[in-house]
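# would you be able to build a 3D model of this:
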Amino acid sequence: MDDRTLNWDSASTAAFEQWQSELCNASGKALSDQTRKQRLAMYGKFLKFLYAREVPLSVLTVGSAEIELFLASLTNSAGTGEPNRSTSQRYVRLISDVIDQLVSLGLRDSNPSSELLKQFSERGSDRSADKLPECLDADQDARLREHILHQMPTDSWTACRNRAMLAVYAGAGLTLYEGIHMQLGDVDLVNGRLITPATPSGSRKSHDVPLAEWCVEPLADWTKFLRLRGGDWSYLFPSSTGGLNPAPTDEPLAENSVYLLISSALVTVGYAGADKGAAILRNTYALRNLVANTSQNDLRSWMGLETDYQLFRIARRRGLWGTGDRRPV
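Sure thing, here's the model as predicted:
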């Protein structure tokens, strides 16, 4: 393996940074510091996704299916749902640029993202600006709760954690970021409430959320598991390494790991939408509460929303639920 291959076949961004330093913009000038910083952050996020997989990949081996999975795992800047089209397209273009460079270096034979970029652009041009948020229907929501409470295993560290995490996403309407960075000390099981973490940028503030009654039991089982394990835990759902009963580390889980957990559960209950991330559970949480006649002011506060716009759009999906459906919050 020559030096060029070794440098790119790595979780390090060194080869990318060296390449960026040599690039010019359309005016023939070197890329600005801000542009290089943004592109480096995007590339770093892509690498983190590739190397956090159960079977790690590199930019030398990634295919179109994995690139699409990465795009599906992204959230918008507020962490509240799927990214806007321009954000996803920037990632596709960056990935395509990187692989084109690898092809020019002779490190890859072809670019698996070139056709994806074309298809993505075509899909984006047809996307309606008024597309309604995707949600589970009433039957799928009931099956999800049954899956969490009675079908998911609880016989290992990982299994118990995953069950509780899925319950919290479904029963508290958290964003992807909030669930991953939730602090153990901010959970009050006695009163069935939690306080969400604020985003570093301040785009989302910390807020108080009541837990759905049905999701308290999986969460109580998990916190008991943590206490029995011993140690001082910061994160409610710390990451771990080493198999079914691994050595825990008090670090947040990788976004793609959480996305895979949620998407697997959604497939299990029969949901077939393109996006299978935390946003679907969050939207369903909102719809479930709207159908149950929860105060809109309360729901907006619980979800950390500044306006009613998202709730109004979700309310238009009420046709997914019958008039007799009443689900616990």
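# so how many other residues sit close to E306?
10 (other CB atoms under 10 Å). Backbone N, C-alpha and C define where each C-beta goes, glycine included.
# nearest residue to it other than its sequence neighbours?
R300 (8.0 Å; CB to CB, 6 or more residues apart in numbering).
# per-residue pLDDT, that neighbour?
Here the pLDDT value assigned to R300 is 90.
# tell me where the stretch 101-250 of the chain has helices.
Using DSSP state H, counting those that start in this stretch, the helices assigned to the stretch 101-250 of the chain run over residues 114-126, 138-146, 157-172, 176-181, 213-229.
# which stretch in those helices has the least confidence?
helix 114-126 - the lowest mean pLDDT of the helices of the stretch 101-250 of the chain, at a mean of 62.
# about what we covered before: so which strand or helix has the residue nearest to E306?
helix 296-302 (DSSP states H and E).
# just for the stretch 151-300 of the chain, where's the confidence low?
Within the stretch 151-300 of the chain, the ranges that satisfy pLDDT under 70 run 241-248.
# and R143, how far from Y285?
Look at R143 and Y285: by CB to CB, to the nearest Å, they are 16 Å apart.
# what about the two, which has more around it?
Y285 (27 against 18).
# quick one, phi/psi of that one?
When read as degrees, to the nearest 10, the backbone of Y285 gives phi -60, psi -50.
# does it touch T175 like I think?
No. The pair Y285 / T175 is not scored as a contact, 10.9 Å apart, by CB atoms under 8 Å.
# what's in contact with the helix holding R300?
By CB atoms under 8 Å, 6 or more residues apart in numbering, the surrounding residues in contact with helix 296-302 are 172-173, 207-210, 286, 289-290, 306-308, 311.
# let me see the domain layout of this protein.
3-126, 138-320 (automatic domain parsing).
# of all the ones you listed, which lies closest to L132?
Smallest distance to L132 across the domains of the chain (CB to CB): 5.6 Å, for domain 138-320.
# redo the helices of the stretch 101-250 of the chain as a markdown table? Include distance to S201.
Converted to a markdown table, the helices of the stretch 101-250 of the chain look like this (distance: least, CB to CB, whole Å):
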| stretch | distance to S201 |
| --- | --- |
| helix 114-126 | 25 |
| helix 138-146 | 31 |
| helix 157-172 | 22 |
| helix 176-181 | 10 |
| helix 213-229 | 28 |
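# identify whichever of these lies nearest to R318.
helix 138-146 (10.3 Å).
# ok so, going back, how about the helix holding R300: buried residues?
Q296, L299, R300, W302 (16 or more other CB atoms under 10 Å).
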